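Chemist: Predicted model follows, preceded by the sequence.
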Amino acid sequence: MKIGSPLQQRSCQSSSLLTPKLIVRGLLGTLLGLSCAAIVSYFLGVRPDEVVLYLANIPAWAVIACAASSFVVLALQSLRWHAVMNPLLGLRYSQAYRAQVIGVLFNALIPARGGDLLRVQYLGRRTGKSRATILGTEIVDRWLDWWGWIPVILLLAVTDDLPRWAFVAVIIFGGALFSWAVVMVMLTRRGYRPKESARFGKLLGKLQSGIQAFRTNRIWLIAFLIAPLPWLWEASVLSNVSPAFGIHINLAQAFCVLVGFNLATVVPSPGSVGTVEAGGTAALVFFGADQSRALAFMFIYHFAQLLPAIITGVAILVAEGENLFGATLLENEVIVEGSTAI
């Protein structure tokens with residue numbers, strides 16, 4: 001979709017996403033993530049020569065399975081986001097899927113999940129829909145993503161024994177999710193509407209309309225029927241692929257590994273480089289895996305999922321001729337008022 005406003009065209013041409021400051025932040029974030037992996041490896045007694053040996057002997061089917069799994073996870077995540085967006089915006093599932101891939105691509109370049117804003121930017125530019133409303137649905141979708149832990153751990157607690165730290169982590173995260181939910185309810189409370197005359201008032205109103213999806217009855221169907229699916233799928237893949245690395249974990253333990261390395265991603269490393277390896281290795285060792293095998297497994301699992309999504313994201317941008325290196329999300333909302341949807 002071409003940008004109609006000359007002011008917006010000049011803004012897009014004069015600014016760049018990959019600024020030197022952002023590149024430096026990305027490099028520092030990567031260094032921080034790798035440092036986490038190095039520190040955890042040191043204290044766990046990982047032997048680099050053994051890691052290299054295990055990596056060299058990984059069967060091709062295990063790598064292919066991890067890579068293919070990444071697209072299934074993206075499909076399930078896109079299904080969840082599409083279920084939130086579709087009643088409000090009428091977007092197609094394929095559009096949500098491409099935006100999800102674009103988000104992974106830029107999350108690999110920008111620390112602190114900055115790619116999530118870029119998937120909003122991409123979807124807004126491609127569809128002409130309100131970026132602020134899309135952002136509101138993404139806030140709800142992100143809440144649903146982490147909520148997916150709750151039904152899964154309740155299910156697994158009935159069928160398997162889970163370590164205490166997994167329950168503690170989910171309880172703490174559950175508290176954060178509750179607070180997050182309260183904020184979304186307050187932002188969308190009946191009768192509250194930002195004044196459009198106020199600065200960014202119209203923008204906040206559009207954002208509020210996206211978050212309004214959280215108040216619908218169907219959100220709980222999504223929360224219990226769709227949100228757990230990516231976590232259950234990923235845990236299943238971990239438990240079934242791990243024997244190729246000489247590691248044997250059941251479904252419940254695999255889910256705990258997921259919890260472990262997702263908690264580690266609070267360290268803002270682009271693409272979670274180093275943090276996934278650190279958290280996942282520590283969790284696998286807790287369940288009795290060899291340290292060096294555990295690190296080799298997490299390295300293959302992480303990058304076999306990350307790299308195909310990055311390549312696919314680049315291919316989508318090239319094929320569509322899309323240019324995201326323009327004004328920031330909020331700047332675009334103000335600049336294009338009157339020429340495209342806010």
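Modeler: That came through, no problem.

Chemist: From now on I want contacts and neighbour counts done on CA atoms only, so please keep to that.
Modeler: Will do.

Chemist: ok, which stretches of the stretch 201-342 of the chain are helices?
Modeler: Counting by DSSP state H, counting those that start in this stretch, the stretch 201-342 of the chain has helices at residues 201-211, 218-221, 228-241, 251-264, 275-286, 291-320, 329-335.

Chemist: Low-confidence ranges, the stretch 1-150 of the chain, go.
Modeler: Across the stretch 1-150 of the chain, the ranges flagged by pLDDT under 70 are 1-18, 22.

Chemist: how about the helices of it, start to end?
Modeler: Using DSSP H, counting those that start in this stretch, helices in the stretch 1-150 of the chain cover 6-14, 20-44, 48-56, 60-89, 93-107, 115-127, 131-147, 149-159.

Chemist: Let me know which of these is the nearest to residue 219.
Modeler: helix 60-89 (7.3 Å; CA to CA).

Chemist: and residue 217, which of the helices of the stretch 1-150 of the chain is closest to it?
Modeler: Nearest to residue 217 among the helices of the stretch 1-150 of the chain is helix 60-89 (11.3 Å), distances taken as CA to CA.

Chemist: gap between residue 262 and residue 169?
Modeler: Look at residue 262 and residue 169: by CA to CA, to the nearest Å, they are 11 Å apart.

Chemist: Looking at those two, which is more packed in?
Modeler: Legend: neighbour count by other CA atoms under 10 Å for residue 262 and residue 169, higher for residue 262 (17 against 14).

Chemist: List the contacts of the nearest residue to that one once chain neighbours are set aside.
Modeler: In space, residue 262 comes closest to residue 276 once its chain neighbours are excluded; the distance is 6.9 Å by CA to CA, 6 or more residues apart in numbering. Going by CA atoms under 8 Å, 6 or more residues apart in numbering, residue 276 touches 261, 262, 264, 265, 298, 302.

Chemist: same check, this time on residue 147
Modeler: Contacts here follow CA under 8 Å, 6+ apart; on that basis residue 147 touches 174, 177, 223, 227, 228.

Chemist: want to throw the helices of the stretch 1-150 of the chain into a markdown table with distance to residue 257?
Modeler: Listed next are these as a markdown table, based on distance: least, CA to CA, whole Å:
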| stretch | distance to residue 257 |
| --- | --- |
| helix 6-14 | 42 |
| helix 20-44 | 15 |
| helix 48-56 | 19 |
| helix 60-89 | 15 |
| helix 93-107 | 21 |
| helix 115-127 | 24 |
| helix 131-147 | 15 |
| helix 149-159 | 12 |
